[in-house]
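> what's the 3D shape of this:
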Amino acid sequence: MTSLPLIGEAVAVAAEPRLAGARIGVVTFPGTLDDRDAARAVRLAGGTAVSLWHADDHLGDVDAVIIPGGFSYGDYLRAGAISRFAPLMSKIIDAANSDAKLPVLGICNGFQILTESHLLPGSMIKNDHLKFICRDQVLRVENANTAWTLDYQQGQEITVPLKNQDGQYIADEKTLDALEAEGRVVFRYVGFNPNGSRRDIAGISNAAGNVVGLMPHPEHAVEAGFGPEALDGAGSDTDGLGFFTSVLTKIVGGDK
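Numbering: from 1, shown residues only. Okay, here's the model as predicted:
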């Protein structure tokens, strides 16, 4: 009988020594929930996950940063509003806007923090139905040229879990038109808009494409047998892995 690996020993992709040298920082704030999931996704993709604490005053030598989901500071004031002023965020903002263009991914609460810190435009407010929602969600990849989407195809539909209460993306019409015209809408909801986000937007990027924010959780769709089932024929239970392999490929110089 073939023995199955323990969950902690599972690997999602063949190990590549060149990727292991890529160090991806995962930030933890008080109230963060998905930092360990994000770190695990990095390891499953073949990289090295580095824990970062919100009160740190330096990024160390990480090659990219993930701001994971949760309820930082209990979502007091607004989701992400307090975290934006954490000492580490000033370092992330500077590095993302520098000539080096540090890749930054904000997932759910991380997306909210990115808008609060003005690394991404617009804002996140409560879902239009005023309820928390948790479901598997189909997304369409609208931009496969960011640091976090290189391993996807333009127009590809993927399925990843979504769980949020303040997930409605809003912006004024001028900003929305600019995002559309500049190709900065990275993901769009397909089949069902779960929170009322303007123009079905699920994720966006900055102009350089190194900063991406999205509401659904790709780190929960990285292992066969443990991710969501494909919806309406779209995707597989490892559809989220491409985020993490994309940035590793970008870091080691294999971007397309």
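> show me the contacts for Asp57.
Asp57 makes contacts with Pro87, Leu88, Lys91, as judged by CB atoms under 8 Å, 6 or more residues apart in numbering. C-beta: built from backbone N, CA, C; applies to glycine.
> switch the cut-off to 7 Å
Pro87 (CB atoms under 7 Å, 6 or more residues apart in numbering).
> What distance do you get for the nearest residue to Ala81 once chain neighbours are set aside to Gly196?
Leaving aside its sequence neighbours, Ala81 sits nearest to Glu116 (CB to CB, 6 or more residues apart in numbering; 5.4 Å). Distance of Glu116 to Gly196, computed by CB to CB, to the nearest Å: 19 Å.
> ok, those two, which is more surrounded?
Counted by other CB atoms under 10 Å, Glu116 and Gly196 do not tie: Glu116 has more neighbours, with 21 against 16.
> and Gly80, what element?
For Gly80, there is no host helix or strand (DSSP states H and E).
> If you tally nearby residues, what's the number for it?
28.
> my read: it touches Gln112, true?
Yes. Using CB atoms under 7 Å, Gly80 is in contact with Gln112, at 3.5 Å.
> Show the low-confidence segments of the protein, by residue range.
1-17, 230-235, 254-256 (pLDDT under 70).
> Tell me which residue is most central in it.
Centrality entry for the chain: nearest residue to the mean C-alpha point is Ile107, 3.7 Å, by CA atoms, centre = their mean.
> Backbone dihedrals for Ser205, please?
phi -130, psi 170 (degrees, to the nearest 10).
> Return the distance of it relative to Ala81.
Ser205 is 22 Å from Ala81, by CB to CB.
> Between those two, point out the one with more neighbours.
Set Ser205 next to Ala81 and count neighbours by other CB under 10 Å: Ser205 wins out with 27 against 17.
> is it true that the more buried one touches Val185?
No. With contact defined as CB under 7 Å, Ser205 does not count as touching Val185 (8.4 Å).
> Could you pull out the buried residues of stretch 114-134?
Buried positions in stretch 114-134, judged by neighbour count with 16 or more other CB atoms under 10 Å: 114-117, 119-127.
> out of these, which are inside helices?
The members of those that map onto helices under DSSP state H are Leu114, Thr115, Glu116.
> Out of these, the closest to Ala224 would be?
Leu114 (30.0 Å; CB to CB).
> Tell me if I'm right that that closest one and Gly213 touch.
Yes. Assessed by CB under 7 Å, Leu114 is found in contact with Gly213 at 4.5 Å.
> Identify the contacts common to these two.
In contact with both Leu114 and Gly213: Gly106, Leu120, using CB under 7 Å, 6+ apart.
> Next, the residue lying closest to Arg199 once chain neighbours are set aside: secondary structure please.
In space, and not counting its chain neighbours, Arg199 is closest to Leu176: 6.0 Å by CB to CB, 6+ apart. Following DSSP: H, G, I helix; E, B strand; the rest coil, the label given to Leu176 is helix.
> Quick check: the gap between Leu176 and His118.
From Leu176 to His118 the distance is 17 Å (CB to CB).
> Over to Val211?
11 Å.
> re the thing from before, quick check: neighbours shared by Ser205 and Val185?
Common neighbours of Ser205 and Val185 (CB under 7 Å, 6+ apart) are Asn143.
> all strands for the chain, in order.
23-28, 48-53, 64-67, 104-107, 123-125, 133-141, 157-164, 168-170, 185-189, 201-205, 211-214 (DSSP state E).
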